[in-house]
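A.B. asks: Task: produce atomic coordinates for the following.
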Amino acid sequence: MARSVQQLFDLTGKTALVTGGSRGLGLQMAQALGEAGARVLLTARKAAELESAVTALQAQGIDAQWLAADCAQPEAIASLVQAAVQRLGSIDILVNNAGATWGAKAEEHPLAAWDKVMDLNIRGYFLLSQAVARAGMLQRGGRIINISSIAGLGGNPIAMRTLAYNTSKGAVLNFTRALAAEWGPQGITVNAICPGFFRTKMASGLIDSIGEAQMCAQAPLRRLGDDEDLKGITVLLASAAGKHITGQWLAVDGGVSAVLG
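C.D. replies: Residues are numbered from 1 along each chain as shown. Next comes the predicted model:
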C-alpha cells in the first residue's frame, strides 16, 4: 500500500551529516532535516559557531551534534567520516554545502585563491562523498545533496567577478550527474540545489555593494531567499518522497535563472 505524504517525508531514524552547517544555508538545511526527524551532525571549521548552532537546534527539540573539521583537507575528511560513523552508527544523508568564494577580475585572480575555492567547493565534495560511500552508504543506499549555485548555470549573474566560484559550482552539477549515474544501482540518489541570492555571510557583501533593491529587481518574485526557502527541497531530496529523483538540479532563486535563460 502506498505511504501517505506525511510518511514519505518523515526522516525519523535517519542520520544526516551537513557540512558548512554552523550558519546560513547549511544551518537552514540542517534544521529542516532535524524538524523532519533526522539526527544531524553539523561540521564546519569554527567550533564556537558550531556549538552555538547546535545549542539553538537542540532548544527546538532537534537531535543535533557538532564536530569541527576543514573539508578542504583530505586527512580532516577521513577523520570526520570516521567520527561521524562512530557517533551516528551510519550516515544516511550527506549534504555537501561547505564552500568558499573569491572576488577578483579574471586577469588578476590569484592562483592560490583559485586553488582554495576549488579544493573546498569541488574536491572536498568528491572526497567526502567517496568517504561516506566507503563507510557504508554503498551497501545501504542513501541520499547525497550537493549545493551548487545559480552562478554555476551560466556566466556571471549581475557581474559577480567570481570566476573560480562560478567554475566550481558548474563542476558540481556535472559531478552530481556523473555520481548519480554511477551509484544509482547501489540505491544512492545524488542531486543538487542551486540557490540564488540569500542574505548569508558570504553573499552579504555583494548584496550590499549592488543594493538589495536592485538585486531583488533581477528576480521575478522580487525578493531574496529567506531562512526557510531551502527547507522543502532539502527534505524532498533527503526523504522517500524523492526516492525516484537522481542526477537532477533545481534552482531556488526567485526565478532569476528563468530570466537569465
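A.B. asks: Next up, identify which helix or strand the nearest residue to residue 93 once chain neighbours are set aside is on.
C.D. replies: Once flanking residues are discounted, residue 93 sits nearest to residue 16: 3.9 Å by CB to CB, 6 or more residues apart in numbering. Yep, even glycine has a C-beta here, placed from its N, CA and C like the rest. Element membership for residue 16, per DSSP states H and E: strand 15-19.
A.B. asks: That strand - contacts with which helices or strands?
C.D. replies: Counting contacts by 3 or more CB pairs under 8 Å, 6 or more residues apart in numbering; DSSP states H and E, strand 15-19 is packed against helix 24-35, strand 39-44, helix 74-88, strand 93-96, helix 124-132.
A.B. asks: and if we set it to 7 Å?
C.D. replies: helix 24-35, strand 39-44, strand 93-96 (3 or more CB pairs under 7 Å, 6 or more residues apart in numbering; DSSP states H and E).
A.B. asks: Note down every partner strand of that strand and its orientation.
C.D. replies: strand 39-44 (parallel), strand 93-96 (parallel) (DSSP bridges).
A.B. asks: Go through those and pick out the most buried.
C.D. replies: Highest mean neighbour count of the strands paired with strand 15-19: strand 93-96, a mean of 28 (counted as mean count of other CB atoms under 10 Å).
A.B. asks: After that strand, heading C-terminal, what element do we hit next?
C.D. replies: Note on strand 93-96: by DSSP H and E, the next helix or strand toward the C-terminus is helix 111-118.
A.B. asks: ok so, going back, how far does the strand holding residue 16 sit from the chain's center?
C.D. replies: Going by CA atoms, centre = their mean, to the nearest Å, the spacing between the C-alpha centre of strand 15-19 and its chain's C-alpha centre is 10 Å.
A.B. asks: what is the mean pLDDT for it?
C.D. replies: The pLDDT scores in strand 15-19 average 98.
A.B. asks: What of stretch 117-130?
C.D. replies: In this model, stretch 117-130 has a mean pLDDT of 97.
A.B. asks: And stretch 142-161, by the same measure?
C.D. replies: Mean predicted confidence for stretch 142-161 is 85.
A.B. asks: OK, contacts around residue 152?
C.D. replies: By CB atoms under 7 Å, 6 or more residues apart in numbering, the contact list for residue 152 reads 166, 169-170, 172-173, 194.
A.B. asks: number of nearby residues for residue 217?
C.D. replies: 10 (other CB atoms under 10 Å).
A.B. asks: on that earlier part again, mean pLDDT and distance to residue 26 added to the strands paired with strand 15-19, as JSON lines?
C.D. replies: Converted to JSON lines, the strands paired with strand 15-19 look like this (pLDDT from 0 to 100; distance: least, CB to CB, whole Å):
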{"stretch": "strand 39-44", "mean pLDDT": "98", "distance to residue 26": "7"}
{"stretch": "strand 93-96", "mean pLDDT": "98", "distance to residue 26": "7"}
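A.B. asks: will you turn those strands into CSV that also has distance to residue 118?
C.D. replies: Conversion of the strands paired with strand 15-19 to CSV gives the following (distance: least, CB to CB, whole Å):
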stretch, distance to residue 118
strand 39-44, 19
strand 93-96, 14
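A.B. asks: do you know which of the ones you listed lies nearest residue 186?
C.D. replies: strand 93-96 (13.8 Å; CB to CB).
A.B. asks: So what touches that closest one?
C.D. replies: 14-19, 29, 33, 38, 125, 128-129, 132, 142-147, 238.
A.B. asks: And stretch 188-195, by the same measure?
C.D. replies: By CB under 7 Å, 6+ apart, stretch 188-195 touches 25, 137, 141-150, 152-153, 172-173, 176, 179-180, 183, 225, 230, 233, 237, 242-243, 245-253.
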